[in-house]
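>>> Next one to model:
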Amino acid sequence: MQRKLIAAAVAAAAGSVAQVPALAGTINFQPVAVPSTDTEKRLVQASAKVNVDGVEYDIGYHTILRSGDELPGLKSEIYGQIIDQDGYAVLAEDGSSFISNDNDFASLLPTRLALYMVSHFESRPAAMYLTQLWQKRDGELIPMRTRPLDFSEVKGGWVHCAGSVTPWGTHLGSEEYEPDAKQWRDGTIDDYNAAMARYFGVTPAFANPDKDAEVTTQEDIKTVMNPYDYGYPVEVEVKTFHHASVTKHYAMGRMALELAYVMPDRKTAYMSDDGTNVGLFRFVADRAGDLGAGTLYAAVWTQTDYDGLGAADLTWVNLGHATDTQVAAWIDNYTFDDIFDVGDPDSCDTASGYVEFNAGHEDGKHQCLKLKDGVPEVVASRLESRRWAAMQGATTEFRKMEGITFNPEGRTLYIAMSEINKGMGNDATSKYDTGGPNRIQLNKNSCGGVYALDVDDDYTATKMAGLVAGIPMTVGYGADVESPDFDGRNECDLDHIANPDNLTYMSGYGTLIIGEDSSDGHQNDAIWAYDLASASLTRIETTPYGSETTSPYFYPDINGYGYLMSVVQHPYGESDQTKLEGVIGRARAYTGYIGPFPAMDENDDRGRKHRR
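Model prediction:
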C-alpha cells in the first residue's frame, strides 16, 4: 500500500517536464546510506566513489575550513569571526567574540595567479571571508590564509545566504530576509532586525542582558541602521588576496534574496525570494557583464495543472528601469512613510487608489497601501520590490523559494521550493490568501519540491511545472494518511527529497544536484543526485544532527579537477540541540567539497582524457 502511495505521489509531482536531451556523458555516484546509528548521525558522510564516463574515481568529503579555525600569517584571522564597521569583533550574547556557525555559500574563483574562495556567513551582522587556496597536485584544496571582506562602504552585510558565480568569474552573493522597513515606521523593530545594530557599535537590549549596559531604544537603532541598506545581490570581484571589491547591486531590487543566478546571455538574472508569500523576480541588465543598471520584472503565475506540485504559465510584470547610483541615492532620501500611505486592510479604500494585497512580512497579514503623490513608481520598485510587485499584480504567494540553477542542454531553469503550503495552498480562507488573488492553489506538501521552468530564446521563463517532490509520511506533512513506515522522527520518506534548498546542475551529464534544509522532514539532511533521464535519486551526502546542507555548486574543471562544493551549516543548531552534549567543537560548521572529480568541462568533447 505504501509503495502505491509513493508511486502515485511521485507521478502527481512530476507535472509536465521539459524533454531531456540525449547526452554522451555518464556519471554514477556510490550511494550513501541513511544514517542509522548515533555515531553515523554525527558525521559528514559522502560518496566514496564515482563513475564518470565508465571510469571509477575515489572521491569523498573534504573539509577546507570550519568556523572558528584560525589561520596563521602576518595577521592571524579566525574564520567566521564577525566584525563591525571599524574592524573590531562583534560580541555575542555572552560577551564573547561572535563567531558564526552559519557558514553558507562558498565560491571557488580561479585567477591567473591563484585560487580563491569567497565564503558567506548567514548572520546579522553577516560576513564574507576571502580565502586563498593551494591546489595540490592530487586536487586537494588547502587553505593558506583568510580575511574578512570590508563591507563598511555599503553599511555592512546582512544574512548572506546562497550565491552563484557569474559567467565572467565574479562571486554573486545575497542578503536574505530583508528587514521590514514598516517596523521603523511603527516603532516595532524586533530582535531579528535589531541584531544588525551591533555592526555600528550599538548593543541591542537582547544582547548581553546581564551586562551593565544601557538599554538600547528603538530610536537608537533607527539612528544607526537604515533597513533599505539590505536585501540586495552582492558582487565580489577578486584580483588578489589584498585587492577585492564589494558592490551591492541596488538596481536589481530588494527582497528576501536567496540568490541571484545569471544566465548565459550575461544579462538576465533570476532571483529567488525566500520566506512566506514571496515572489519570483527577473532582472535584465542593459549591458552584458554589468549588473549595475537594468529592468526588473516580477512573475505572474497562471495555473494550468492542480495535481502534485502543479504547473503554470508565467508572464512578467515590468517594474521599471534603474541604476545602482539612482537607488543608492533613494536609500538615503526615502523612508517607508515617504513612499506609502497606509490604509486599513480590513476596509481598504480601493476607490481612493489604495491596493489590498498579501506579500511577505507580518506572517500573512494582508496590507493596504497607496503610493504617495509625487513618488516615482521606480522608487517603490527597488526599495519595496515585493510589496510593489504585488500592488502591480505579480504573484506573491510562493513559500520558501530557494535555489536556482540552469540546464543549458534542455534550456531549463530549476527552482527549489522548500515547502508547498501557506500562500501556495488551496484554502481560499487562509490568512495567507486574504487580500490577494489566490493564484496558486496546490495541495499541501511540507516536504517541498523542485520546479522546472522552460525558457525562450531571450532567457525568459514561460512555463513552470513540478519536477520532483518529497513524499510526506504523516497527515501533518500533507499525506492522505499516516504511513505505516513513519518512524516517528522523519516526516518525509527517506528515499526521496525533503525540503529542497540549493541546486546545481552537472552540465553534459544530465544530473541535477539537490541539497536539503530540513528539520522535521529528515533528521539528517542529505544531498542528492537526480538523474533527469531516469528520474532517479541517489543520496550522495548526509550531514550531522541539526545541520542543513548549503552551497552545493559544481565546478567542472579547475586546473584539471572538478569540485562539488558542500557546506554543512550550524550542526546541532536547527534540531536535536540536546545531542550536542556539551562537546566542544561539534557545533562548528564545515566549509568543504565532495571530490575531487576528473575534469568534466561541458565544452570538451566526450573523447577527452579525464585528468587526475
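
>>> what about the residue nearest to residue 343 when sequence neighbours are not counted, distance to residue 227?
For residue 343, the nearest residue in space outside its immediate sequence neighbours is residue 368; the separation is 3.8 Å by C-beta to C-beta, 6 or more residues apart in numbering. All C-beta spots, glycine's among them, are computed from the backbone N, C-alpha and C. Plainly put, residue 368 is 20 Å away from residue 227 if you go by C-beta to C-beta, to the nearest Å.

>>> State which strand of the chain is the longest.
The longest strand of the chain (DSSP state E) is strand 290-305.

>>> Export only the CA atoms of the helix or strand following it, formatted as PDB.
Going down the chain from strand 290-305, the next helix or strand is strand 311-323, by DSSP states H and E. Output in PDB follows, covering the C-alpha atoms of strand 311-323 (Å, rounded to 0.1, in the frame of the first residue of the first chain):
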ATOM      1  CA  ALA A 311       2.100  23.800 -13.300                       C
ATOM      2  CA  ALA A 312       1.500  27.300 -14.600                       C
ATOM      3  CA  ASP A 313       2.100  29.700 -17.500                       C
ATOM      4  CA  LEU A 314       4.300  32.600 -16.500                       C
ATOM      5  CA  THR A 315       4.000  36.200 -17.600                       C
ATOM      6  CA  TRP A 316       6.000  39.100 -16.300                       C
ATOM      7  CA  VAL A 317       5.200  42.500 -14.800                       C
ATOM      8  CA  ASN A 318       7.600  45.200 -15.800                       C
ATOM      9  CA  LEU A 319       8.700  47.100 -12.600                       C
ATOM     10  CA  GLY A 320      10.800  49.700 -14.400                       C
ATOM     11  CA  HIS A 321      14.500  50.600 -15.100                       C
ATOM     12  CA  ALA A 322      17.000  51.800 -12.500                       C
ATOM     13  CA  THR A 323      20.700  52.100 -11.900                       C
END
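
>>> Please pull up the helix or strand immediately following strand 311-323.
Scanning forward in sequence from strand 311-323 by DSSP H and E, the next helix or strand is helix 324-333.

>>> about what we covered before: which secondary structure elements does the longest strand of the chain sit against?
Counting by 3 or more C-beta pairs under 8 Å, 6 or more residues apart in numbering; DSSP states H and E, the packing neighbours recorded for strand 290-305 are strand 280-287, strand 311-323, helix 324-333, helix 385-391, strand 461-469.

>>> These: which one's closest to residue 144?
Among those, the nearest to residue 144 by C-beta to C-beta is helix 324-333 (33.0 Å).

>>> what mean pLDDT does the closest one have?
For helix 324-333, the per-residue pLDDT values average out at 98.

>>> And it, what's buried?
By 16 or more other C-beta atoms under 10 Å, the buried positions in helix 324-333 come out as 324, 326-328, 330-331.

>>> now the angle from it to strand 290-305?
Using axes from the mean of the first three to the mean of the last three C-alpha atoms, to 10 degrees, the inter-axis angle of helix 324-333 relative to strand 290-305 is 80 degrees.

>>> Give me the contact list for helix 324-333.
When contacts are defined by C-beta atoms under 8 Å, 6 or more residues apart in numbering, helix 324-333 is touched by residues 226, 228-229, 247-251, 292-293, 378-379, 382-383.

>>> Quick check: next helix or strand after it?
With elements assigned by DSSP H and E, the helix or strand that comes after helix 324-333 is helix 336-339.

>>> hmm, who's touching that next one?
With contact meaning C-beta under 8 Å, 6+ apart, helix 336-339 is reached by 181-182, 184-185, 371-372, 375, 379-380, 383-384.

>>> Taking those residues, please make a PyMOL selection of just the buried ones.
Written as a PyMOL command, the selection of buried residues from the contacts of helix 336-339, which uses 16+ other C-beta under 10 Å, is:
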select buried, resi 181+182+184+185+371+379+380+383+384
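
>>> This structure: helices as residue ranges?
2-14, 181-186, 191-194, 218-224, 324-333, 336-339, 377-383, 385-391 (DSSP state H).

>>> and of those, who's closest to residue 118?
When those are ranked by proximity to residue 118, the top entry is helix 324-333, at 19.9 Å, counting by C-beta to C-beta.

>>> Now do the closest one against strand 311-323, angle only.
Put simply, helix 324-333 runs at 80 degrees to strand 311-323, going by the same axes, to 10 degrees.

>>> now the angle from the longest strand of the chain to strand 280-287?
Orientation check (the same axes, to 10 degrees): strand 290-305 against strand 280-287 gives 150 degrees.

>>> in the stretch 1-150 of the chain, what spans have low per-residue confidence?
The model of the stretch 1-150 of the chain has pLDDT under 70 over residues 1-24, 73-74.

>>> for it, what spans make up the strands?
Secondary structure of the stretch 1-150 of the chain (DSSP state E, counting those that start in this stretch): strands located at 27-29, 45-46, 49-52, 55-58, 61-66, 70-71, 77-78, 103-110, 115-121, 127-135, 141-148.
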